[in-house]
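> need a structure here:
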Amino acid sequence: MIKVEDLHFSYDEHEETIKGVNFTVEAGSYTSIIGHNGSGKSTIAKLLIGLLEKSSGSIEIDGMELNEENLYAIRSLIGVVFQNPDNQFIGSTVADDIAFGLENKQVPQENMQAIIDKFSKVVGMYDFLDREPTSLSGGQKQRVAIAGVLAMDLKVIILDEAASMLDPRGKKEIHELINKLHEEENLTVISITHDMEEVLRSDKVIVLEHGHVKMSGTPAEILQHEDELVALELDIPFVYKVQKELKEIGIEMDTQVSIEGVVEQLCQLHSKI
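Modelled structure (predicted):
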């Protein structure tokens, strides 16, 4: 679906920000890109949607090279939800905001309302269509932003720290919504994040350090490099720490790292006692 080869980018002529990055993202997968501040995570997101122009290398999305000729076609496949919910709300109401992208895509007016209704229901905002942005919480605004992306009939959604400014409840709601869409709509998700608990939900993790790929693999594979992650100032997920402590007292757990998985295995062990 997405193939990045030897990608380079610099904001100025003195120092490269992205240094020979290579990775692939499979269609329908959930990929997390993590790294410390300044590692190049958000720059990668902007390069993938053509907001920044690469210095060299290639980005291929759905078989198309990302260039000026293909930019419109690629942007009809891929959308992004940024960090600050207030900076993304364009319309005077929820309905207007979802409609904005449809208007740019020249969707016939008679078809718009059905699309707005459908995707506002998907994200749980149908009852808020007439609301103004000032009456919404940060989590609700991010839901509207996600509805706007989905309404465009895109194949890929990039979440650029989309939950980082939300309170714990808002974060939980957005993560649950994205997981639901990923599973039920076969949506390809790329999450730019520093939230290591979110990383556990991923199919693949890409770790960036100073503009290059430090390592990549499944969450379980990445967490085997605990010392390196700590050196990169990345937190180790609580559930992984629990698994490690259990292993040290002789309780072996499956390599699948998830809170639900640990609880289920502990319950099974308890029932055998």
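> contacts and neighbour counts: CA atoms only from here.
OK.
> hang on, K121 in a helix?
Yes - looking at K121 with DSSP: H, G, I helix; E, B strand; the rest coil, it is inside a helix.
> For E245, see how far away it is.
For K121, the distance to E245 equals 43 Å [Cα to Cα, to the nearest Å].
> do V205 as well
Distance of V205 to E245, computed by Cα to Cα: 24 Å.
> One more: R143?
From R143 to E245 the distance is 37 Å (Cα to Cα).
> next one: E53
According to Cα to Cα, E53 stands 46 Å off from E245.
> These two - which one has more neighbours?
Using other Cα atoms under 10 Å as the criterion, E53 and E245 rank with E53 on top: 17 against 13.
> Surely that one is in contact with T43?
No - checked against Cα atoms under 8 Å, the pair E53 and T43 is beyond contact range at 10.3 Å.
> Point to the residue nearest the middle of this protein.
Taking Cα atoms, centre = their mean, the centroid of the chain lies closest to S191, which sits 2.0 Å from it.
> What's the mean pLDDT across stretch 55-70?
For stretch 55-70, mean pLDDT rounds to 95.
> try stretch 241-258
Stretch 241-258 comes out with an average pLDDT of 71.
> V107 belongs to a strand, doesn't it?
No - using three-state DSSP, the secondary structure at V107 is coil, not a strand.
> Next, the buried residues of the longest helix along the chain.
Counting residues, the longest helix in the chain under DSSP state H turns out to be helix 168-184. Going by neighbour count (16 or more other Cα atoms under 10 Å), the buried part of helix 168-184 is G170, K171, E173, I174, L177, I178, N179, L181, H182.
> Next secondary structure element downstream of it?
Heading C-terminal from helix 168-184, the first helix or strand you meet, by DSSP states H and E, is strand 188-192.
> any chance you could map the strands in the stretch 1-150 of the chain?
Under the criterion DSSP state E, counting those that start in this stretch, the stretch 1-150 of the chain carries strands at the ranges 2-9, 18-25, 30-34, 56-61, 64-65, 78-81.
> Indicate each strand paired with the fourth one and its parallel or antiparallel sense.
Strands flanking strand 56-61 in the sheet, each with its direction: strand 2-9 (antiparallel), strand 64-65 (antiparallel) (DSSP bridges).
> so of the ones you listed, which one's packed in deepest?
Comparing those by mean neighbour count (mean count of other Cα atoms under 10 Å), strand 2-9 comes out on top with a mean of 19.
> contact partners of that one?
Applying Cα atoms under 8 Å, 6 or more residues apart in numbering, the set of residues contacting strand 2-9 from outside is 16-27, 53-62.
> which among these end up buried?
Buried subset of the contacts of strand 2-9 (neighbour count, 16+ other Cα under 10 Å): 17-22, 24-25, 53-54, 58-61.
> and the end-to-end length of stretch 88-97?
Using Cα to Cα, the two ends of stretch 88-97 sit 9 Å apart.
> I'd like the numbering to begin with 27 instead of 1 from here.
Okay, using 27 as the starting number, the last item reads as stretch 114-123.
> Quick check: mean pLDDT of that stretch?
The predicted model gives stretch 114-123 an average pLDDT of 88.
> ok, and what's touching it?
With Cα under 8 Å, 6+ apart as the test, stretch 114-123 has contacts from 107-108, 124, 126, 142, 154-159, 167, 170-171, 174.
> circling back: can I get the buried ones among the contacts of strand 28-35 in TSV with distance to L258?
Listed next are those as TSV, based on distance: Cα to Cα, whole Å:
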residue	distance to L258
T43	17
I44	17
K45	17
G46	19
V47	18
N48	20
T50	23
V51	23
E79	27
K80	25
S84	27
I85	26
E86	29
I87	30
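> I75 reaches G105, doesn't it?
Yes - counting by Cα under 8 Å, I75 touches G105, with 7.4 Å between them.
> Now do I275: how many residues are near it, please.
Neighbour count of I275, defined by other Cα under 10 Å: 8.
> Any figure for the gap between it and Q269?
According to Cα to Cα, I275 stands 10 Å off from Q269.
> Distance from stretch 160-168 to the middle of the chain?
Counting by Cα atoms, centre = their mean, to the nearest Å, stretch 160-168 is centred 19 Å from the centre of its parent chain.
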